[in-house]
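# below is the structure, and that's it, no one-letter string:
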């Protein structure tokens, strides 16, 4: 669960706070668990929500992008040579809004509708944050590939 919180939070302390608050909430609401999903799935959702709340408390996490920035290209340079830890390190460098939407969409498998409901944002904002996250990741990968050449 700590690794899950770290994917969303900006640093170790914030992730630890989110995790502790999540465990308190889980403990306090265990009697309300309805067994409609696995306990782990429910706990993960509580941890994600607590991490998101930590980020929301900081304000100013959504960045606007123009329509032209939705278009991203894909170059298959070096991505196959990266391991998961290296890729997650790059994801961790994304701004809060990008990182949150990217994790919810690409890692957790949420739809843009679910993300918009969960984060209280428009679906378009979710899409734009994902596009911007992908573009940022692509830029970071390109820099890494230039450094490896």
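Looks like it arrived, so ask away. These figures come from a predicted structure and were not determined experimentally.

# of all the residues in the worst-scoring helix or strand of the chain on mean pLDDT, which ones are buried?
Here the helix or strand of the chain ranked lowest by mean pLDDT, DSSP states H and E is helix 84-92, holding a mean of 82. Using 16 or more other C-beta atoms under 10 Å as the test for burial, helix 84-92 gives 90, 91. Where you see a C-beta, it was placed from the backbone N, CA and C, and this is true even at glycine.

# buried ones in the helix ranked longest in the chain, by neighbour count?
Longest helix in the chain, counting residues (DSSP state H): helix 123-148. With burial defined by 16+ other C-beta under 10 Å, the residues of helix 123-148 counted as buried are 125-138, 140-141, 144.

# any weak-confidence spans in this structure?
Of all residues in the chain, those with pLDDT under 70 make up the ranges 59-82, 146-149.

# where along it do the helices fall?
In the chain, the helices defined using DSSP H lie at 2-8, 12-28, 39-57, 84-92, 96-102, 112-119, 123-148.

# endpoints of stretch 1-18, how far apart?
Terminal residues of stretch 1-18 lie 10 Å apart, using C-alpha to C-alpha, to the nearest Å.

# buried ones in that stretch, by neighbour count?
Of the residues in stretch 1-18, 1, 4, 5, 6, 7, 8, 9, 10, 14, 15, 17, 18 count as buried by neighbour count, 16+ other C-beta under 10 Å.

# next: stretch 41-56.
Neighbour counts using 16+ other C-beta under 10 Å place 42, 43, 44, 46, 47, 48, 49, 50, 51, 52, 54, 55 of stretch 41-56 among the buried residues.

# okay, the angle between the least confident helix or strand of the chain and helix 123-148?
120 degrees (axes from the mean of the first three to the mean of the last three C-alpha atoms, to 10 degrees).

# hang on, residue 137 packs against residue 88?
No - under the criterion of C-beta atoms under 8 Å, residue 137 makes no contact with residue 88, lying 11.0 Å away.

# let me have the buried residues of stretch 1-18 in CSV, extended by distance to residue 119.
Converted to CSV, the buried residues of stretch 1-18 look like this (distance: C-beta to C-beta, whole Å):
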residue, distance to residue 119
1, 20
4, 16
5, 16
6, 19
7, 15
8, 11
9, 15
10, 16
14, 17
15, 18
17, 19
18, 15
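
# from the residues you listed, which is closest to residue 121?
Ranked by distance to residue 121 (C-beta to C-beta), the buried residues of stretch 1-18 are led by residue 8 at 15.1 Å.
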